[in-house]
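A.B. asks: Kindly return the folded structure for what I paste below:
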Amino acid sequence: PEYNGYKVYWEDGAQITPPHDKNILAEVAKVTDFSQVKTMMKSEAEAAGLYHTIGKEMDDRYMEELKKQSIHPEIIKAMAKDIKIVYTPLHGTGNLPVRRVLKELGFENVYVVKEQELPDGNFPTVSYPNPESPKAFELALKLAKEVDADIVLATDPDADRLGVYAKDTKTGEYVSFTGNMSGMLIAEYILREKKANGTLPANGALVETIVTTDMAKAIAKAYGVKLIEVLTGFKYIGEQIKFFEQQNSYEYVFGLEESYGCLAGTYARDKDACVAVMMLCEVAAWCKSNGITLWDAMVSLYETYGYYKEGLETMTLKGMDGAEKIQSMMNEMRNNPPKKIEPIIIPAEHPMTITALSGLNGIDNLITSSIHENAVRYTQRVENCACGISVIYFKIASNIVSAEIQKAVGSDLAIIFTVKLPFTISLFG
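C.D. replies: Below is the predicted model:
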């Protein structure tokens, strides 16, 4: 299969980062014949303490760590009978852990999409089991309308990413939340409530990837926590937790990436949809207790911190020719920044700023640029497979009245910006 593969983790529990990746590949390259691969009988491995079966005890410990992340269990108990949650694991691994943690926290009205409940690697009910895809939510949204759900949740097959829809009671429609939106709701809730109850660490840090929403910067500043940006890939967020512990510098509060992944707590060093589900459900319960919806809370964030919109365009170019063309595009952007991004003419005295990302591994494959004092920013990067090139664009506007926000999503909000590098992108188009 095109996307078949595996993840490799280091001793700290996070996925490997440089230089371990290259060092491992160097060792693999030394194996020139299968006879060189060391093997042993399973019984021998068990006797030597090299083979362990993870069972119920580890599941129980995991559940306890998840529940420790809850800030207001009393609010969940108060709203347990009132809030309705629809959930689909999309034929993946999230079914049992997600349902268990929600039950143990006290949520009583959790409706699971029956057709997608059981694990099935053929994914018979969905062509693309990705919570970023609207088509993946078709059955969940159908059930949500039948039971009048407040929120609709979907986890991907390996249960490390979360997709969200929430009901807008003013229109009766279910609104889609991007990974940036759901991540900011959780992050702001954690910071706000921990500050209120005196548990927000003085040296707290919020960690995000460089292609994640700039709203994180505004929120971190408002709560006086350090905002740290890392390269794309949650392994770099997990790596920061290790650095914090080694250097005794910051205390990890929350981490997120725009592609629907986040982590509350340090019990794990990778994104985890189970903790994302329970935290978002707690946010929804808090909203319900205050007479608002999750969408109302999102509108409030926009009104407080500014309206942030992000988008992604990707071009796939395979093979050696494709790789060469991608590298050519990156070089062109570095050496000849555009003088015009329609309809803006970039004045010579204020050229596009191409930021130098010193101290980050892999910067040869990424360029980040800003225009008009960071009102518009976009990042151009080579995908991990080295066969794709993406442009992620960001825009902020302010003083948006709440009545305008919902209809503005995906439509004209301010000026239309078009980036013709290396393909056309329309912001707010």
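A.B. asks: which residues touch stretch 78-89?
C.D. replies: Stretch 78-89 is touched from outside by 95, 98-99, 102, 106-113, 116-117, 119, 136-137, 139-140, 143-144, 147-155, 159, 277, 281, 284-285, 288-289, with contacts defined as C-beta atoms under 8 Å, 6 or more residues apart in numbering. Where C-beta positions appear, they are placed from N, C-alpha and C, glycine not excepted.
A.B. asks: hey, which helix or strand in the chain has the poorest pLDDT?
C.D. replies: Considering only helices and strands, the least confidently modelled element of the chain by mean pLDDT, DSSP states H and E is strand 417-420, at a mean of 32.
A.B. asks: Now do the same contact list for the residue lying closest to Thr88 once chain neighbours are set aside.
C.D. replies: If the residues on either side of it in the chain are set aside, Thr88 comes closest to Val113, at 3.9 Å by C-beta to C-beta, 6 or more residues apart in numbering. Taking C-beta under 8 Å, 6+ apart, we find Val113 in contact with Val86, Tyr87, Thr88, Leu139, Ala140, Leu143.
A.B. asks: try 7 Å
C.D. replies: Contact criterion C-beta atoms under 7 Å, 6 or more residues apart in numbering gives Thr88, Leu139, Ala140, Leu143 as the residues in contact with Val113.
A.B. asks: avg pLDDT for the helix or strand hosting Gln240?
C.D. replies: With the criterion set as DSSP states H and E, the secondary-structure element containing Gln240 is helix 234-247. Within the predicted structure, the mean pLDDT of helix 234-247 is 96.
A.B. asks: helices or strands up against that helix?
C.D. replies: strand 204-209, strand 226-230, strand 251-257 (3 or more C-beta pairs under 7 Å, 6 or more residues apart in numbering; DSSP states H and E).
A.B. asks: CA-only coordinates of that helix in PDB, if you can.
C.D. replies: The C-alpha trace of helix 234-247 is given here as PDB (Å, rounded to 0.1, in the frame of the first residue of the first chain):
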ATOM      1  CA  PHE A 234       4.700  15.900  16.600                       C
ATOM      2  CA  LYS A 235       8.000  14.200  17.400                       C
ATOM      3  CA  TYR A 236       9.500  17.700  17.700                       C
ATOM      4  CA  ILE A 237       6.900  18.600  20.300                       C
ATOM      5  CA  GLY A 238       7.600  15.400  22.200                       C
ATOM      6  CA  GLU A 239      11.300  16.300  22.000                       C
ATOM      7  CA  GLN A 240      10.600  19.600  23.700                       C
ATOM      8  CA  ILE A 241       9.200  17.800  26.700                       C
ATOM      9  CA  LYS A 242      12.500  15.900  27.000                       C
ATOM     10  CA  PHE A 243      14.500  19.100  26.700                       C
ATOM     11  CA  PHE A 244      12.300  20.700  29.500                       C
ATOM     12  CA  GLU A 245      13.100  17.800  31.800                       C
ATOM     13  CA  GLN A 246      16.800  17.700  31.000                       C
ATOM     14  CA  GLN A 247      17.300  21.500  31.300                       C
END
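A.B. asks: quick one: it to chain centroid distance?
C.D. replies: What separates the centre of helix 234-247 from the centre of its chain is 17 Å, taken as C-alpha atoms, centre = their mean, to the nearest Å.
A.B. asks: repeat for stretch 72-83
C.D. replies: Remark: stretch 72-83 is offset 26 Å from the chain centroid, using C-alpha atoms, centre = their mean.
A.B. asks: That stretch: end-to-end distance?
C.D. replies: This stretch, stretch 72-83, spans 15 Å end to end (C-alpha to C-alpha, to the nearest Å).
A.B. asks: same thing with stretch 165-178?
C.D. replies: The first and final residues of stretch 165-178 sit 9 Å from each other (C-alpha to C-alpha).
A.B. asks: How about stretch 256-271?
C.D. replies: Taking C-alpha to C-alpha, the first and last residues of stretch 256-271 lie 8 Å apart.
A.B. asks: ditto for stretch 244-258
C.D. replies: 22 Å.
A.B. asks: rewinding a little: which among the contacts of stretch 78-89 count as buried?
C.D. replies: 95, 98-99, 102, 106-107, 110-113, 116-117, 136-137, 139-140, 143-144, 149-155, 159, 277, 281, 284-285, 288-289 (16 or more other C-beta atoms under 10 Å).
A.B. asks: if we can go back for a sec, now the contacts of Val113 in CSV, please, with extra columns for secondary structure.
C.D. replies: Output for these, formatted as CSV (DSSP: H, G, I helix; E, B strand; the rest coil):
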residue, secondary structure
Thr88, strand
Leu139, helix
Ala140, helix
Leu143, helix
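A.B. asks: Tyr267: which of those residues is nearest?
C.D. replies: Here the nearest of these to Tyr267, counting by C-beta to C-beta, is Thr88; it sits at 24.8 Å.
A.B. asks: now that closest one: how far from Thr125?
C.D. replies: 9 Å (C-beta to C-beta, to the nearest Å).
A.B. asks: what helix or strand does Lys167 sit in?
C.D. replies: strand 162-168.
A.B. asks: now that strand, how far from the centre of its chain.
C.D. replies: Relative to the chain's own centre, strand 162-168 is displaced by 14 Å; criterion: C-alpha atoms, centre = their mean.
A.B. asks: Can you read off the pLDDT for Glu257?
C.D. replies: At Glu257 the predicted local distance difference test score is 95.
A.B. asks: Likewise for Gly362?
C.D. replies: Model confidence at Gly362, expressed as pLDDT, equals 45.
A.B. asks: picking up where we left off before, show me what the strand holding Lys167 is packed against.
C.D. replies: strand 151-155, strand 173-177, helix 273-289, helix 294-305.
A.B. asks: Kindly reformat the ones you listed as TSV containing mean pLDDT and distance to Gly255.
C.D. replies: Written out in TSV, the entries for the helices and strands packed on strand 162-168 read as follows (pLDDT from 0 to 100; distance: least, C-beta to C-beta, whole Å):
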stretch	mean pLDDT	distance to Gly255
strand 151-155	98	18
strand 173-177	96	18
helix 273-289	98	11
helix 294-305	93	18
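A.B. asks: quick one: which of the ones you listed is nearest His72?
C.D. replies: helix 273-289 (6.5 Å).
A.B. asks: okay, that closest one in CSV with CA atoms only?
C.D. replies: Once non-C-alpha atoms are left out, helix 273-289 reads as follows in CSV (Å, rounded to 0.1, in the frame of the first residue of the first chain):
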residue,chain,number,x,y,z
ALA,A,273,-6.8,11.5,20.3
CYS,A,274,-8.1,10.0,23.5
VAL,A,275,-6.9,12.9,25.7
ALA,A,276,-8.1,15.3,22.9
VAL,A,277,-11.6,13.8,23.1
MET,A,278,-11.9,14.0,26.8
MET,A,279,-10.5,17.6,27.0
LEU,A,280,-12.8,18.8,24.2
CYS,A,281,-15.8,17.1,25.9
GLU,A,282,-14.9,18.9,29.1
VAL,A,283,-14.7,22.2,27.3
ALA,A,284,-18.1,21.4,25.8
ALA,A,285,-19.5,20.6,29.3
TRP,A,286,-18.0,23.9,30.6
CYS,A,287,-19.7,25.7,27.7
LYS,A,288,-23.0,24.0,28.4
SER,A,289,-22.8,24.9,32.1
